[in-house]
Every structure is written in structure tokens, then in C-alpha cells.
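Colleague: Here is a sequence together with a model predicted from it:
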Amino acid sequence: MQLDVENGKSLAVLGSIPELGAWDKKAVLHHMMWTKGNKWISRVPLETSARHFRYKYVIMEKMGTTFVDFERGVDKIADLDVASKEEDGSIYFNDNWQQYLLRFTVFSHEGGDQMMLDFKHEKDGKIETMNMYRSDREDQWLYAKYGIDVVPWECFINMQNLENSATGEFQEENHAKFRYRYRKVKGI
């Protein structure tokens, strides 16, 4: 996380699991450490048996002992079953303050072509196209179900959290709306 905070303040992570304080502002357990360039990293790895959980970054002061404020907008979601893993099994999150990552996934066993995602913003009618890339994760359930290896196509979009509350609940009227379609392009 890259964020410039006032001198004397720091970042921490608060979340839905006990290892992240179970949303108790008085029990913030996972503090972050400032590094050059205003980059914040975990002081220690988070170890949990939970397969998914919700979390937010919070601003602390007084040497990380006093809660100041939550990151605004919908909660971030960590789904460890689909997150990309390093060779040693570690998972790293590189989040942006008050933004969330929208992931699009298409399962297609046909190879060699390119998959595209077209999306149209409802507010201004602008159409954008993104290339989708083959995922590096294995989906064993696809082999079990269809008897063939399927490597999914994926792309990610950073979305700005437009909601001004810290409750974490998604409110449709406060978020960007768009229509999308997938299309396969031959010969690329």
C-alpha cells in the first residue's frame, strides 16, 4: 500500500477474522511498517486458517495505539482459494487506498486465441477494451467436471470506492456502473 499519512500516524489492517481484530477498533493487531516512498508493508506475515475474510486499512496515531479512521467504501475481500500464490505458498496483496480490484474471469478450453473484455460506462457512454490474459492458477474442479485442463482468462480493473461511509456495505447507487461483454479474437 502506498499512502502518505501525517507525521505521527501509521497504517494497520482491521478485518473480520480474529487475527485482524474482528472489526474491534480497540483490538487492532496487524500493524504496518513505513518504508521509503511512503510504501507500507506488513510487519509480520498474517497467518490464518480462514479461506476468505474481509478487511480495511485504518489510520492509527500515538505509536499505533489509537484508532483514527477507517478506509472508506466497501470492504476489501481476501479469497485465499483464488489468490495468486508465490512458489513458497505465500500470498501478497498490493492494495490501493479506498479502491477495490474487480476481477473478471472466463473459463474457455479453446486455446491460442485472445480474449477481450469490452465495457461501457453508463455515465458517459465511453467504451474501453482490455486484453485478458491466461491465469497462472490451476482450477482442479474444471478438470474434475469436464475432463480437460482449462486455464481461465482473466483481467483486473481498479475501481475507486465512491461510497463515503466506512460501514463496508455495498450500496449500488454509490458505485460506477457499466455494461460488459467478453469476445474472443482469432489469430492474435
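Modeller: Perfect, I can see it now.

Colleague: Follow the chain on from the lowest-mean-pLDDT helix or strand in the chain and name the next helix or strand.
Modeller: The weakest-scoring helix or strand in the chain, judged by mean pLDDT, DSSP states H and E, is helix 140-146 (a mean of 71). Next helix or strand after helix 140-146 toward the C-terminus (DSSP states H and E): strand 153-160.

Colleague: Report the buried residues of that next one.
Modeller: The neighbour-count check on strand 153-160 (16 or more other Cβ atoms under 10 Å) flags 153-155, 157, 159 as buried. Just so you know, the C-beta spots here come from the backbone N, C-alpha and C atoms, and that holds for glycine as well.

Colleague: contacting residues around that strand?
Modeller: Contacts with strand 153-160, where a contact means Cβ atoms under 8 Å, 6 or more residues apart in numbering, come from 96, 98-108, 115, 117, 119, 130-135, 175-176, 182.

Colleague: Pull up the pairing partners for that strand, direction included.
Modeller: Paired neighbours of strand 153-160 in the sheet (DSSP bridges): strand 99-106 (antiparallel), strand 133-134 (antiparallel).

Colleague: where do the strands sit along this protein?
Modeller: Per DSSP state E, the chain carries strands over the ranges 9-15, 30-35, 39-42, 52-61, 66-70, 76-79, 99-106, 114-121, 127-131, 133-134, 153-160, 178-185.

Colleague: quick one: buried residues of stretch 63-72?
Modeller: By neighbour count on 16+ other Cβ under 10 Å, the buried set for stretch 63-72 is 67, 70-72.

Colleague: Point out the most buried one among the strands paired with strand 153-160.
Modeller: Mean neighbour count, computed with mean count of other Cβ atoms under 10 Å, is highest for strand 99-106 among these, reaching a mean of 15.
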